[in-house]
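Q: below are the sequence and a predicted model; questions follow.
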Amino acid sequence: MISFKVLVKALICLGAFVLLAGCGEKTGEVWPEVWSEEATRFFNENVPPLKNLPGEVYHYQVVKRKGHFYFNTLYIDGRYIEDLRPNGAHKVGGVSAVQLDGVHVVYTRREGYKVATKHEDGHGVYKALMNNYPLFFRDYL
């Protein structure tokens, strides 16, 4: 039979793992304070509309959390769809996750694209989306 001390240690370790890994955590949709005019213009002039969007509002965001992890998260109509959590050394669609920190791409059929970015230009953000897993962008083209 498992001793009480072993059971307590196992529960503490499991709890620490869950906290560090982010398991079960809702990443939380956030909105940028400022939109990039250049990146927004690039998207609206060069990127096709999301014809297969199963909703009204597409929102892809990259937000730094837990020190060095960059949550690449997709929301449609405010509903969480999927996320990818690389650390800063990893690439997302061929672009460093650090470079994508603060990126937001929003699309609505009525207004087109709005893009926020701190480090990448519109072309760099588009490249990252096109090279990322299809679920994050290409599936909706």
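A: Yep, it's here. Numbering: from 1, shown residues only.
Q: only C-alpha atoms for contact and neighbour calcs from this point on.
A: Noted.
Q: was I right about residue 80 contacting residue 74?
A: Yes - look at residue 80 against residue 74 with Cα atoms under 8 Å: they come within range, at 6.3 Å.
Q: report the buried residues of stretch 129-140.
A: Within stretch 129-140, the residues that qualify as buried by neighbour count (16 or more other Cα atoms under 10 Å) are 129, 130, 132, 136, 137.
Q: now that stretch: average pLDDT?
A: The average pLDDT within stretch 129-140 is 90.
Q: check the offset of it from the chain's centre.
A: Computed by Cα atoms, centre = their mean, to the nearest Å, the chain-centroid distance of stretch 129-140 equals 11 Å.
Q: quick one on the thing from earlier: just the buried residues of stretch 129-140: which are in strands?
A: When DSSP state E defines the strands, the subset of these inside them is empty.
Q: now for those residues, which pair is the farthest apart?
A: Put simply, by Cα to Cα the two of those set farthest apart are 130 and 136, 8.7 Å from each other.
Q: low-confidence ranges, the protein, go.
A: Within the chain, the stretches falling below the threshold (pLDDT under 70) are 1-27, 86-90.
Q: how does it look with 80?
A: By pLDDT under 80, the low-scoring segments of the chain are 1-27, 66-69, 85-97.
Q: buried residues in the host helix or strand of residue 40?
A: Assigned by DSSP states H and E, residue 40 belongs to helix 37-46. By neighbour count on 16+ other Cα under 10 Å, the buried set for helix 37-46 is 39, 40, 42, 43, 44.
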